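Asks: I'll drop the sequence and a predicted model, then ask my questions.
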2 protein chains.
Amino acid sequence: MSILVMKFGGTSVANLDRIARAAKRVAVEVANGHKVIVIVSAMSGKTNELVGWVNETSPLYDAREYDAVVSSGENVTAGLMAMRLQEMDVAARSWQGWQVPLKTNDAHSSARIEEIPPENILAKFDEGMSVAVVAGFQGVSPEGRITTLGRGGSDTTAVAFAAAFNAVRCDIYTDVDGVYTTDPRICDKARKLDRIAFEEMLELASLGAKVLQTRSVELAMRYKVKLRVLSSFEEQSDEAGTLVCDEEDIMESNVVAGVAYSRDEAKMTLISVADRPGIAAAIFGPLSEAGVNVDMIVQNISEDGRTDMTFSCPTDQVARADEAMQKAQDAGDISYQELVSDKDVAKVSVVGIGMRSHAGVAAKMFDALSSEGVNIKVITTSEIKISVLIDRKYMELAVQALHDCFELEKAA
Amino acid sequence: MSILVMKFGGTSVANLDRIARAAKRVAVEVANGHKVIVIVSAMSGKTNELVGWVNETSPLYDAREYDAVVSSGENVTAGLMAMRLQEMDVAARSWQGWQVPLKTNDAHSSARIEEIPPENILAKFDEGMSVAVVAGFQGVSPEGRITTLGRGGSDTTAVAFAAAFNAVRCDIYTDVDGVYTTDPRICDKARKLDRIAFEEMLELASLGAKVLQTRSVELAMRYKVKLRVLSSFEEQSDEAGTLVCDEEDIMESNVVAGVAYSRDEAKMTLISVADRPGIAAAIFGPLSEAGVNVDMIVQNISEDGRTDMTFSCPTDQVARADEAMQKAQDAGDISYQELVSDKDVAKVSVVGIGMRSHAGVAAKMFDALSSEGVNIKVITTSEIKISVLIDRKYMELAVQALHDCFELEKAA
C-alpha cells in the first residue's frame, strides 16, 4: 500500500472554493494509485476568531478549555473536505484527533505527539477507503481531553502521520511554491531549490525562513520522512516545489544552499564584567531562568581581571534580560559597570552542508561584506552555518552581496 | 448530591456578553448548593453558517460528515462557558458528547440517545468540580463517530442528562419567560402558566406552541423529570417561568389549560370514493408511505356505495398527497372522482387534563365558535384535547373567543 500524506494550510483551505481546489489535487494523487492521508488546518481567520473569543472570555485561560475551543476550526475543514471528495466519487471520511487517535502528552496548547496507532485508518483503507482527512493541530491527552500542538502544529501532524504510516512522501501545500536560496522580496535573484537537506532546512527555518516549522523538520529528519513544500495555487507536476530530504538523496549541491536573515535580534553587552572562573554560568544561568533565548555569545580578552561580554537575543526579550542581570548584580553573583543594548541590528547567515568539506567559506563571506563596507559586530559558526550580527540598515545589502558572491542564482 | 440541569439555547449564548450573563445564573445555582450540569447550544447563527457550508459543498451530504461539521458550534460555546465560570472562581470544565460519553445509535443527523453513563462526570463532581458544561445536540455512535440529535436536540440532551443523573430539576433557559395559555401575540389576555402537566405540554408542543421540542417533553414525561421553562433575559426567582410536571404535582388547574393553533394545515377531500371494507387502509397506507403526515380524518356517511373522505396534512405535503392518490387510482387500488384541496384553513385546539373528568367542554367550545359565526370543517378529539379545522381568516377570532369562554385569563 503506497500511502501519501498531503497537508493543506489555512490559506489553502480559506473558503469553499479553495477546499474544492485542494480536493482536486487529492483526487489526482488517488488516481496516481496512492492511499492519501490529508491533514487540514482551519479555514484562515477562523482560529484567530476563536483565540480572540478565548482571550476576551478569560485572559488567563485554562489551556485545556483553550484547546477544546480552538481545535474546532480544523474539525470543520476536515468534514467539508471529506464531503467535497465524496462529491467527486472519492471514498473519503474525516477523522478528529481523538478518533485516530493521535495520542499526546498532557502539555495543553503545546502538546508533544506520543503515538499514532495506524490500525484504525489502515483498517478503513483495507475496506476500500481512499482518503482519510485528518484535522491537524490536535490530539488527545492520556486523560481523554483534547490537546493542541502549538505553533506550526499542522505541519508537525503531517510529518508525524507520514512517519507512523511509512508514507512515500509528505507534501506540504502552502502559499509559496518552495524553498528559495533567500527571500525573493529582498533579493530578486533568489532561486527556488529543487532539493534541500534536512539539516540545511532546519538552520534556515530556525533562522527566520517561515516556510516550515522547525519542529516538523526535526521530526522529518529523525524519521527520514521525505518532505515536499509546494504551492496549492499552481498546477503541479511530480517535480514541483522543493524536496526536503536526507543529504544522501542530494547528488550535487552548492557549498552554500541559502542565505537567511532575521530582523528580530538585539545585541547586548555587559561592560567591564569582573572576570573569574564560572562567570559565564553566573551570567547565562539567570538569563536562561528568566526565559531569555540567548543566541550568539562573544567574550573579549580579559584585561586587569575585567572583560566585556556580548550576547544577542530576540528584541522583545531585552527588558527581561536587563532585569535578570540587574538582579544578579544586586545578589552579588556578578559585577559589571553597565549593560548596553543595541536593537538596531540584524542577523545574516549562510547555510550549507557543503561547508563541512569546503574550507574558506567564512573568509569569502567576510570579504564580501567588507567590500560592501558592512561592519561585523558578532560572529558565530556551526558545522553547516556562519552567522553574523550587523547594523540593521545593511541587512538587505548584505543578503544580496552574499547571494552574489556564492553564486546562488546558479544551480549546482 | 443535589444535581441541577440548566440548558441555554442559541439566543441565550449568542455572544460573549450573553455567555457571561448565563454563567452568572449558573453561579447563583452553585451558591444555592447545587452541582450543575449546563447544556449549551451553539452561539445563534453559527449552526446555520455551518449548515450553509455543508449544503454548498455537498447537496446530498454524508450525514456522518454533516454531524462532524455541525457539532463544532456547541463545542465552542461549552469551552467558552467553562472558562467564563472559571473566571468567576467556579470550578468548571467542558465535556464534548464523546467525552461524557453520550451514547446514541448510528442514525446520523437524527440520532436517538441510548445511554448516558454518569460515572465520568460524577467522579469529577466528587473531586470538587461544581459545574460540568456539556455541548448539547451531539453524541457518539457505537462506531465512535460523532452524531447529532436533530431538531431540538439540545432540549433533548438536557432532559436526558436530568434523567440519567436523577436531577432535582431541568431548567430550560430561552427567550420567552414561560408557557402561556395561548400566544400573547394573538390574544392579549394570554396568561403565563405557573405549572402545566406533561400531557398538556405535549399536546401544546405538537400543536404548534414552539417553546419546547415534543421529543424532550416525551422524554421528561417518561422519566418524570421536572422541567422548567424560563427566560435567560430576566432576573429569576425560584418561582419564575413555567414548571412542566406530573399532573399529580398540580394541585388546582383549569379544565382547559391552553388554546393552541396551527396555520400550517391543509384540508383535502377525496370526492365520491368507492366505499368498501379496507378502503381507509387503501387510502392512508399510500399516503403514509409517501411521507404525508395525516392528522385529522373524517368519513361521510356512505350513499349508493360511495362516500367522501376528508383529511388534513401540513400545507407543504399537499402535492405529495395528490401524487400518492393519483398513483393509487392508476394502480386500481382506489377509485374516486376528484381530490379537492383547501389550503386556507387553520387548526385551533383546546387542551387540558381536566377534560378527562369534565363533560361539556366540546359543547361549550362549539357554542363559542358558533356565536362568532365560525364554521367548523373538521373535528378531532383525544382524551385531553379537542381540535377543529376552520377557515384561516377566523383563526385569531377563534383563539380569542375560546380563551374568553374558558376564562383562561384567570388562574385556577
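Replies: Yep, it's here. Note that the structure is predicted; figures quoted are calculated from it, not measured.
Asks: around chain B, pick out the residues from the stretch 301-412 of chain A.
Replies: Contact residues, the stretch 301-412 of chain A versus chain B (CB under 8 Å from any CB of the partner chain): none. C-betas here are computed from N, CA, C, even on glycine.
Asks: in the stretch 301-412 of chain A, which residue sits closest to chain B?
Replies: A:D316 (26.5 Å; CB to the nearest CB).
Asks: please list the residues of chain A that sit near chain B.
Replies: Applying CB under 8 Å from any CB, we find that chain A lies next to chain B at A:16, A:19-20, A:50, A:53-54, A:56-58, A:61-62, A:64-66, A:68-69, A:72-73, A:75-76, A:78-80, A:82-84, A:86-87, A:93-94, A:96, A:98-99, A:144-146.
Asks: sort out for me which of these are in helices.
Replies: Those of the residues of chain A next to chain B mapping onto helices are A:16, A:19-20, A:50, A:53-54, A:56-57, A:64-66, A:68-69, A:72-73, A:75-76, A:78-80, A:82-84, A:86-87, per DSSP state H.
Asks: now these: which count as buried?
Replies: Buried by 16 or more other CB atoms under 10 Å in any protein chain shown: A:16, A:19-20, A:50, A:53-54, A:57, A:64-66, A:68-69, A:72-73, A:75-76, A:78-80, A:82-84, A:86-87, out of those.
Asks: so what's A:A163 up against?
Replies: Going by CB atoms under 8 Å, 6 or more residues apart in numbering or on different chains, A:A163 touches A:219-220, A:223, A:225.
Asks: go through these and say which is closest to B:D171.
Replies: A:L219 (48.9 Å; CB to CB).
Asks: name the element that closest one belongs to?
Replies: helix A:214-223 (DSSP states H and E).
Asks: identify the residues contacting that helix?
Replies: Contacts for helix A:214-223 (CB under 8 Å, 6+ apart): A:152, A:155-156, A:158-160, A:162-163, A:170, A:198-199, A:201-202, A:205-206, A:225-227, A:244, A:246.
Asks: at 6 Å what do you get?
Replies: A:155-156, A:159, A:163, A:198, A:201-202, A:205-206, A:227 (CB atoms under 6 Å, 6 or more residues apart in numbering or on different chains).
Asks: now for those: which two are most distant?
Replies: Spatial extent of the contacts of helix A:214-223 (CB to CB) is set by the pair A:A163 and A:S206 at 20.6 Å.
Asks: leaving out chain neighbours, which residue sits closest to A:E143?
Replies: Using CB to CB, 6 or more residues apart in numbering or on different chains and skipping the chain neighbours, the partner closest in space to A:E143 is A:D106 (6.4 Å).
Asks: next one: that neighbour from B:R93, what distance?
Replies: The spacing between A:D106 and B:R93, counted by CB to CB, to the nearest Å, is 14 Å.
Asks: looking at these two, which one has more neighbours?
Replies: Taking other CB atoms under 10 Å in any protein chain shown, A:D106 and B:R93 do not tie; B:R93 has more neighbours (23 against 14).
Asks: tell me the contacts of the nearest residue to that one once chain neighbours are set aside?
Replies: Among residues not flanking B:R93 along the chain, B:A82 sits closest, at 5.4 Å (CB to CB, 6+ apart). Shown in contact with B:A82 (CB under 6 Å, 6+ apart): A:65, B:92-94, B:133.
Asks: just A:E74 next, same as before
Replies: A:42, A:135-137.
Asks: determine the set of other helices and strands touching the helix or strand containing A:V133.
Replies: For A:V133, the host element (DSSP H and E) is strand A:131-135. Packed against strand A:131-135 by the contact rule (3 or more CB pairs under 6 Å, 6 or more residues apart in numbering or on different chains; DSSP states H and E) you find strand A:35-40, helix A:72-87, strand A:92-95.
Asks: looking at those, which is nearest to A:G305?
Replies: Comparing the helices and strands packed on strand A:131-135 by CB to CB, strand A:35-40 comes nearest, at 57.7 Å.
Asks: partner strands of that closest one and their direction?
Replies: Sheet pairing of strand A:35-40 (DSSP bridges) gives strand A:3-8 (parallel), strand A:131-135 (parallel).
Asks: and the angle for the longest one with helix A:214-223?
Replies: Between strand A:3-8 and helix A:214-223, the angle comes out at 170 degrees (axes from the mean of the first three to the mean of the last three CA atoms, to 10 degrees).
Asks: circling back to that earlier point, most packed of the strands paired with strand A:35-40?
Replies: strand A:131-135 (a mean of 28; mean count of other CB atoms under 10 Å in any protein chain shown).
Asks: what's the first helix or strand after it?
Replies: Following strand A:131-135 in sequence, per DSSP H and E, is strand A:138-140.
Asks: what's that next one packed up against?
Replies: Strand A:138-140 packs on no helix or strand, going by 3+ CB pairs under 6 Å, 6+ apart.
Asks: contacts for it?
Replies: A:71, A:97-98, A:101-102, A:104, A:111, A:147-148.
Asks: ditto for stretch A:353-364
Replies: With CB under 6 Å, 6+ apart as the criterion, stretch A:353-364 contacts A:197, A:199-200, A:247, A:253, A:255, A:383-384, A:386.
Asks: so A:K210, which state does it fall into?
Replies: A:K210 carries the three-state label coil when classified by DSSP: H, G, I helix; E, B strand; the rest coil.
Asks: for A:G153, what are its contacts?
Replies: Taking CB under 6 Å, 6+ apart, we find A:G153 in contact with A:F137.
Asks: run the last query once more with 10 Å
Replies: Applying CB atoms under 10 Å, 6 or more residues apart in numbering or on different chains, we find A:G153 in contact with A:39, A:41, A:71, A:74, A:109-111, A:113, A:136-139, A:147, A:213, A:215-216.
Asks: related to what we said a few turns ago, anything in contact with each of A:D106 and B:R93?
Replies: Going by CB under 10 Å, 6+ apart, residues that sit against A:D106 and also against B:R93 are A:64, A:145.
Asks: the longest strand along chain A: partners in the sheet, and parallel or antiparallel?
Replies: Taking DSSP state E as the criterion, chain A has its longest strand at strand A:258-274. Using DSSP bridges, the strands paired with strand A:258-274 in its sheet are strand A:306-314 (antiparallel), strand A:338-351 (antiparallel).
Asks: centre of the chain to that strand, how far?
Replies: Computed by CA atoms, centre = their mean, to the nearest Å, the chain-centroid distance of strand A:258-274 equals 21 Å.
Asks: for it, what does the pLDDT average out to?
Replies: Within the predicted structure, the mean pLDDT of strand A:258-274 is 92.
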